[in-house]
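S.K.: Okay, structure incoming, though there's no sequence with it:
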């Protein structure tokens, strides 16, 4: 995973924190760099100038006051050295060396070191120019400038031996040297203080910026969350609106189908009544002769009665059934349903298995509602078995009906399960089978209303209708109806 993809996956707070670090780290790194490479060298040069100035001042005073020529030169020079140490706290040591005429060596005349004679340098090298050397070791007590300033005699001399007074410029003559050791501990402390202040300031800025941005981010995130919540609610409302539109469209389709069915039944019923009347008259006319004519008329009457029954069924399906609830025996309704479809069972060679819980009692509901649901579900199972026979004629043909007493949420339920060994339903179609006008059957074989009607009927009694299936093997429909009155 590259850096760009990782940055895209970071949340807003992490991105802002990273931006703070990216801005502040270079800034405070620059401050630390400046403190170490600009401020510190400048302070070191200032400290060096303090030492050089003190050495040059003392050397000038020695020459001007001819301190080397005095009898008590050591005391006079040491007194002046102590004054320098008092006025310049950064000066850690001052030593004055004078050239010995006999040996031409620079010997110690005065020193600020009194307690540790071993640390005093009694002889110094020849110094012809100002020399500075920085000692910046690990030991803070040894850090400092070691400065050597030469002491030269010279100046202007008045010759009074000649007839004319002459001014002579004397050639500088080395008389000795002044050694000044200036401590840089203060510089180190100042540099460290600047670095610490930079780090502390950076930390405080980071913390303050973090809390400020965190507060701003919390508000932004909260607003973003509210916006997403509003968008989700809008989507949900839009889906509800579309569902309501679909339901309204389905109701309109149901109404149109009801009108068409009623009109069809009426239009077919009228000629059927006429045919029945003429058939009755014809039956009276051929009654004396009897024989095969009378038998044929009987067959026609039977088929005509069947057509009339179908028409009455159409009319009953479009009219509102009686809504009077009564105690219904579920076993009787199941057996009645099986008796209605027995011709199809025998034609398809389907074996029926019954698994009933004999502890079941009657349930209060409209009888025709349970009959309608069971008949639709059983017919769907037989249609599925019939379709499977076309491509798997040797497979088992079985219809299983189970009835049992269950308890859900502290309430007893009648649970009916209808399982067939038909062609099953594809997984992508299971969620759609309860939608009105959706069907897995071929053209002209189904309207797609059966399961939708069954679900609406069961919901009317506060029940549940579920479906499970494995494509090519089986389908099981379960319905649960609660015992007791449903308001």
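M.R.: Looks like it arrived, so ask away. This is a predicted model, so every value here is computed, not measured.
S.K.: Kindly check the end-to-end length of stretch 332-348 for me.
M.R.: By C-alpha to C-alpha, to the nearest Å, the extent of stretch 332-348 from end to end equals 24 Å.
S.K.: er, stretch 334-352 I mean
M.R.: Using C-alpha to C-alpha, the two ends of stretch 334-352 sit 12 Å apart.
S.K.: same question for that stretch, mean pLDDT?
M.R.: Average pLDDT, stretch 334-352: 91.
S.K.: repeat for stretch 194-201
M.R.: Averaging pLDDT along stretch 194-201 gives 72.
S.K.: likewise stretch 145-160?
M.R.: 73.
S.K.: heads up, I number from 32, so please use that
M.R.: All right, first residue 32 from here; so that's stretch 176-191.
S.K.: In contact with residue 135, which residues?
M.R.: Contact analysis of residue 135 by C-beta atoms under 8 Å, 6 or more residues apart in numbering lists nothing. Quick note: C-beta positions are derived from backbone N, CA and C, even for glycine.
S.K.: In three-state terms, how would it be classified?
M.R.: When classified by DSSP: H, G, I helix; E, B strand; the rest coil, residue 135 comes out as coil.
S.K.: for it, phi and psi?
M.R.: Dihedral pair for residue 135: phi 60, psi 20, per degrees, to the nearest 10.
S.K.: now swap in residue 102 and tell me
M.R.: phi -70, psi -40.
S.K.: Please report how far it lies from residue 109.
M.R.: Distance of residue 102 to residue 109, given as C-beta to C-beta, to the nearest Å: 14 Å.
S.K.: So those two - more neighbours on which side?
M.R.: Remark: of residue 102 and residue 109, residue 109 carries more neighbours, 18 against 7, as counted by other C-beta atoms under 10 Å.
S.K.: Hmm, that one is touching residue 144, no?
M.R.: No. Contact criterion C-beta atoms under 8 Å: residue 109 and residue 144 do not qualify, at 10.6 Å.
S.K.: Common neighbours of the two, please.
M.R.: Going by C-beta under 8 Å, 6+ apart, no residue sits against residue 109 while also sitting against residue 144.
S.K.: Under the pLDDT cut-off, which ranges of the stretch 232-381 of the chain? List them.
M.R.: Scanning the stretch 232-381 of the chain for pLDDT under 70 picks out the ranges 233, 279, 281-283, 285-287, 290, 297, 319-322, 344-354.
S.K.: If we use 80, what do you get?
M.R.: 232-234, 236-249, 274-301, 303-305, 307-312, 314-327, 329-330, 333-334, 336-337, 339-355 (pLDDT under 80).
S.K.: how about the helices in it?
M.R.: Taking DSSP state H, counting those that start in this stretch to define them, one finds helices in the stretch 232-381 of the chain at 323-349, 361-371, 373-379.
S.K.: which other helices and strands contact the longest strand seen in the chain?
M.R.: With DSSP state E setting the assignment, residue counts place strand 197-214 as the longest strand in the chain. With contacts taken as 3 or more C-beta pairs under 8 Å, 6 or more residues apart in numbering; DSSP states H and E, strand 197-214 sits against helix 71-95, strand 122-130, strand 137-142, strand 154-155, strand 175-190.
S.K.: Now that strand: buried residues?
M.R.: 206-214 (16 or more other C-beta atoms under 10 Å).
S.K.: Then stretch 89-106?
M.R.: For stretch 89-106, the neighbour count (16+ other C-beta under 10 Å) marks 89-90, 93-94, 98-99, 104-105 as buried.
S.K.: ditto for stretch 300-320
M.R.: Quick answer for stretch 300-320 (16+ other C-beta under 10 Å): 300, 303.
S.K.: Tell me how far residue 484 lies from residue 410.
M.R.: For residue 484, the distance to residue 410 - C-beta to C-beta - is 12 Å.
S.K.: meant to ask about residue 181, not that
M.R.: Residue 181 is 126 Å from residue 410, by C-beta to C-beta.
S.K.: And these two? Which one has more around it.
M.R.: Counting neighbours by other C-beta under 10 Å for residue 181 and for residue 410 shows that residue 181 has the greater number, 21 against 16.
S.K.: three-state assignment of the closest residue to that one other than its chain neighbours?
M.R.: Using C-beta to C-beta, 6 or more residues apart in numbering and skipping the chain neighbours, the partner closest in space to residue 181 is residue 158 (4.5 Å). Judged by three-state DSSP, the three-state class of residue 158 is coil.
S.K.: do the same with the one 5 residues further on
M.R.: The three-state label given to residue 163 by three-state DSSP is strand.
S.K.: what about the residue nearest to residue 181, how many neighbours?
M.R.: Neighbourhood size, residue 158 [other C-beta under 10 Å]: 18.
S.K.: now the end-to-end length of stretch 162-180.
M.R.: First residue to last in stretch 162-180 (C-alpha to C-alpha) measures 7 Å.
S.K.: what's the answer for stretch 343-362, then?
M.R.: Stretch 343-362 has an end-to-end distance of 26 Å (C-alpha to C-alpha).
S.K.: Check stretch 432-447 too.
M.R.: Chord length of stretch 432-447, first to last residue, is 7 Å (C-alpha to C-alpha).
S.K.: What are the contacting residues of it?
M.R.: Under the contact criterion C-beta under 8 Å, 6+ apart, stretch 432-447 has outside partners 361-362, 365, 369, 383-388, 390-391, 394, 405, 448-450, 494, 509-515.
S.K.: Narrow the residues you listed to just the buried residues.
M.R.: 361, 365, 369, 391, 394, 405, 448-450, 494, 510-514.
S.K.: Spatially, which two of those residues are the most separated?
M.R.: Pairwise distances across the buried ones among the contacts of stretch 432-447 peak at 24.6 Å for 369 and 513 (criterion: C-beta to C-beta).
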